[in-house]
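Engineer: starting from these lines, generate the structure:
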Amino acid sequence: TVEIVNKLGVPIPKRPKTRHILAETFRTKWALRGKTIESLIDLPRMTDPHKLAALQLMSLAITPAYFTSPAFFAVLINNMVALSVIYGNAPVSSVAYVFYAMLLCIKPDTIDAGYRFGRLALQLKEKFQARALTAILHGVFYNVVHSFKRHINEVFEPFREGYLVGVETGSLEFACICASGYCGHPMFTSKDLVSSGREAAKYCERVNNLRQIKYINMLKMHLQIMLNLQGEGADPCRLAGDACNEDELVPLFHTHNDHHSLAALYINKLFLSYTFGNYHQALEDLQAFKKHYFAMLGHYHVVIYNFYHSLTLLALYQETQAHEKRRSVKTVISNQKILKKWARHAPMNNLHKYYLVEAELARVKGKDAQAADLYDKAIALANKNDFVNEEALSNEVAARFYLLNGKGKIAGTYLQDARYCYDRWGAHAKVKDIEERYPRLFTETHRDKNPSDSTSPGTTSGDTTSKALDLSTVMKVSGAISGEIVLEKLLVKLM
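Structural biologist: Residues are numbered from 1 along each chain as shown. Below you'll find the predicted structure:
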């Protein structure tokens with residue numbers, strides 16, 4: 001590909017160095033000078049046959065470059081954007097713009113520009129009526145760009161459409177990426193786990209029929225996570241069961257140098273380990289994820305990593321030595337600076353996460369009254385923005401805080417709320433986990449009065465919770481009154 005593109009008058013290095021990335025980044029920014037992102041939709045149509053051919057060839061190299069060479073990927077995308085801005089738009093320019101959007105979303109300060117480039121890509125597809133590009137554009141935009149600015153619960157229908165159109169038009173790889181996105185997001189949203197698990201099983205079968213091995217493994221991994229949360233895995237912190245076995249997947253991913261799948265595996269294990277209270281395992285998962293972090297640059301998964309990284313360090317705070325305590329707090333404060341920026345861009349997705357970490361930080365600093373207030377802020381915002389999963393988590397973490405302070409009755413009300421939310425979400429393994437972990441705080445009366453008995457899993461927590469928790473609210477108020485890789489760093493700095 002490189003040789004042919006070079007012959008077409010577009011010089012691209014086979015093995016890009018730092019100077020090549022700098023040069024292409026500068027060239028793109030120079031080409032964009034004096035232009036607004038929105039005005040690029042009105043660029044003339046590209047007519048130079050050599051540039052059109054080069055653009056098309058480079059688009060075919062994007063995916064393998066993304067998975068194997070971040071440097072080559074960055075050079076390709078910058079080159080494609082510069083060609084489009086200088087010589088005019090072609091349908092495939094939309095692909096260049098959406099991947100450029102992903103690069104921009106690496107850095108919080110350029111998320112706005114990244115989102116606007118992503119929207120430009122979707123609009124350009126409509127302008128050129130390029131339906132065949134639906135799968136690739138939806139696969140990238142809704143997996144990566146969208147949730148840095150809009151509610152993450154909005155991604156499911158675009159993923160479904162991307163899959164269907166991709167299969168219809170022969171864009172099978174990105175159809176499978178859309179399927180993976182559809183099945184990979186319920187763990188981080190309020191989408192009902194029971195129905196999502198059934199859908200994931202169907203997608204596994206469909207993708208298997210398409211013989212897309214990389215993505216069938218990813219889909220099976222997503223399915224296993226949902227099975228674990230529903231109580232159908234022997235060990236909820238291990239991806240091993242009816243759908244997949246991590247002991248087989250990890251060496252397979254290493255054999256194929258598949259850093260993206262490894263990063264996805266460890267971020268999901270981190271989520272499960274923390275969720276089920278295995279904080280030392282979560283710490284191991286954090287360390288494993290860090291080795292593949294660069295493969296998730298620009299993805300919303302980095303927000304999930306930031307969130308659970310901080311929560312894990314704070315959960316283990318009391319068990320660490322004094323110098324490790326200082327290091328943990330320093331790391332959390334650094335994480336929070338970034339999470340706060342993400343929360344400014346998408347408060348509906350991230351502000352409750354920020355407040356929950358702030359609450360835990362206040363707890364370890366001994367600021368109990370401040371911690372109590374922050375837990376309630378996190379719970380209220382998670383409820384308001386339809387994150388029943390993280391409303392459950394926030395209630396559970398708050399309950400631990402009150403238990404540590406010897407306030408069992410108040411802790412019980414928070415645990416009731418956590419149980420109700422987990423049950424509504426469909427995370428039956430967590431319902432059982434809470435009941436077994438805190439048996440004395442759950443009486444038959446609590447169970448008989450479970451407000452979720454009349455609510456199907458996955459419904460919004462607002463109305464049901466507000467009717468059932470008058471006593472809980474009183475108790476909470478009462479309680480509050482009483483108490484690196486060099487290249488990746490370069491990319492972050494450049495974009």
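
Engineer: and Arg238, that's in a helix?
Structural biologist: No: using DSSP: H, G, I helix; E, B strand; the rest coil, the assignment for Arg238 is coil, not a helix.

Engineer: now it: closest residue in space that isn't a chain neighbour?
Structural biologist: With C-beta to C-beta, 6 or more residues apart in numbering as the criterion, Arg238 has its nearest non-adjacent residue at 6.2 Å, and that residue is Glu246. Any C-beta I mention is one placed from the backbone N, CA and C, and that applies to glycine too.

Engineer: wait, what's in contact with that neighbour?
Structural biologist: 238-240, 265, 269 (C-beta atoms under 8 Å, 6 or more residues apart in numbering).

Engineer: name only those of these that count as buried.
Structural biologist: Among these, those classed as buried by neighbour count (16 or more other C-beta atoms under 10 Å) are 238-240, 265, 269.

Engineer: burial of Leu164, as a residue count?
Structural biologist: 15 (other C-beta atoms under 10 Å).

Engineer: residues contacting it?
Structural biologist: Ala175.

Engineer: helix or strand: which one has it?
Structural biologist: Using DSSP states H and E, Leu164 sits within helix 156-169.

Engineer: which residues touch the helix or strand following that helix?
Structural biologist: Heading C-terminal from helix 156-169, the first helix or strand you meet, by DSSP H and E, is helix 172-184. Residues outside helix 172-184 that contact it (C-beta under 8 Å, 6+ apart): 63, 135-136, 138-139, 142-143, 155-156, 158-167, 196, 199-200, 203, 206-207, 210, 212, 214-216, 218-219, 222-223, 264.

Engineer: and helix 172-184 with helix 156-169, angle?
Structural biologist: Going by axes from the mean of the first three to the mean of the last three C-alpha atoms, to 10 degrees, helix 172-184 is angled at 160 degrees with respect to helix 156-169.

Engineer: now do helix 172-184, average pLDDT.
Structural biologist: Helix 172-184 shows a mean pLDDT of 96.

Engineer: next one: it to chain centre, how far?
Structural biologist: Relative to its chain's centre, helix 172-184 lies at 14 Å (C-alpha atoms, centre = their mean, to the nearest Å).

Engineer: what about the helix or strand following it, distance to the chain center?
Structural biologist: Following helix 172-184 in sequence order, the next helix or strand is helix 193-209 (DSSP H and E). Mean-position distance between helix 193-209 and its chain equals 20 Å (C-alpha atoms, centre = their mean).

Engineer: next, the angle helix 172-184 makes with helix 193-209.
Structural biologist: 160 degrees.

Engineer: contacts for helix 193-209?
Structural biologist: 163, 176, 179, 182-183, 186, 215-216, 219-220, 222-223, 226-227, 229-230, 243, 425-427, 457-458.

Engineer: same deal with stretch 321-339?
Structural biologist: By C-beta under 8 Å, 6+ apart, stretch 321-339 touches 108, 303, 306-307, 309-310, 313-314, 316-317, 320, 350, 353-354, 357-358, 361, 364-365.

Engineer: 7 Å - rerun?
Structural biologist: Stretch 321-339 is contacted from outside by 108, 306-307, 309-310, 313-314, 317, 320, 350, 353-354, 357-358, 361, using C-beta atoms under 7 Å, 6 or more residues apart in numbering.

Engineer: excluding sequence neighbours, find me the nearest residue to Met102.
Structural biologist: Spatially, and ignoring its direct neighbours in sequence, Met102 is nearest to Gly298 (4.3 Å; C-beta to C-beta, 6+ apart).

Engineer: how about the one you found, secondary structure?
Structural biologist: Secondary structure state of Gly298, per three-state DSSP, is coil.

Engineer: low-confidence stretches in the stretch 1-150 of the chain?
Structural biologist: 1-3, 6-9 (pLDDT under 70).

Engineer: which residue in the contacts of stretch 321-339 has the weakest pLDDT?
Structural biologist: Of all the contacts of stretch 321-339, Thr320 carries the smallest pLDDT score, 91.

Engineer: counting neighbours, what do you get for the closest residue to it other than its chain neighbours?
Structural biologist: Closest residue in space to Thr320, ignoring its immediate chain neighbours: Ser328 at 6.4 Å, by C-beta to C-beta, 6+ apart. Neighbourhood size, Ser328 [other C-beta under 10 Å]: 19.

Engineer: buried sites along stretch 426-443?
Structural biologist: Neighbour-count burial for stretch 426-443 [16+ other C-beta under 10 Å]: 426-431, 433-434, 438, 441-442.

Engineer: I'd like those residues laid out as CSV, including secondary structure, distance to Thr275 and pLDDT.
Structural biologist: Shown next, in CSV, are the buried residues of stretch 426-443 (DSSP: H, G, I helix; E, B strand; the rest coil; distance: C-beta to C-beta, whole Å; pLDDT from 0 to 100):
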residue, secondary structure, distance to Thr275, pLDDT
Gly426, coil, 13, 97
Ala427, coil, 8, 97
His428, helix, 13, 97
Ala429, helix, 9, 97
Lys430, helix, 7, 97
Val431, helix, 12, 96
Asp433, helix, 9, 96
Ile434, helix, 11, 95
Tyr438, coil, 15, 90
Leu441, helix, 19, 79
Phe442, coil, 19, 71
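
Engineer: check those and tell me the two furthest apart.
Structural biologist: Between any two of those, the greatest separation by C-beta to C-beta is 22.4 Å, found for Gly426 and Leu441.

Engineer: next, the contact list for Arg131, please.
Structural biologist: Shown in contact with Arg131 (C-beta under 7 Å, 6+ apart): 165, 169.

Engineer: what do you get for Ala295?
Structural biologist: Taking C-beta under 7 Å, 6+ apart, one finds 259-260, 263 in contact with Ala295.

Engineer: where does it land on pLDDT?
Structural biologist: Predicted confidence (pLDDT) for Ala295: 87.

Engineer: so which of the contacts of Glu246 comes closest to Val92?
Structural biologist: Nearest member of the contacts of Glu246 to Val92, counting by C-beta to C-beta, is Leu265, at 31.8 Å.

Engineer: what about the most centrally placed residue in the chain, distance to Ala175?
Structural biologist: Centroid check for the chain by C-alpha atoms, centre = their mean gives His301 as the closest residue, at 3.0 Å. According to C-beta to C-beta, to the nearest Å, His301 and Ala175 sit 21 Å apart.
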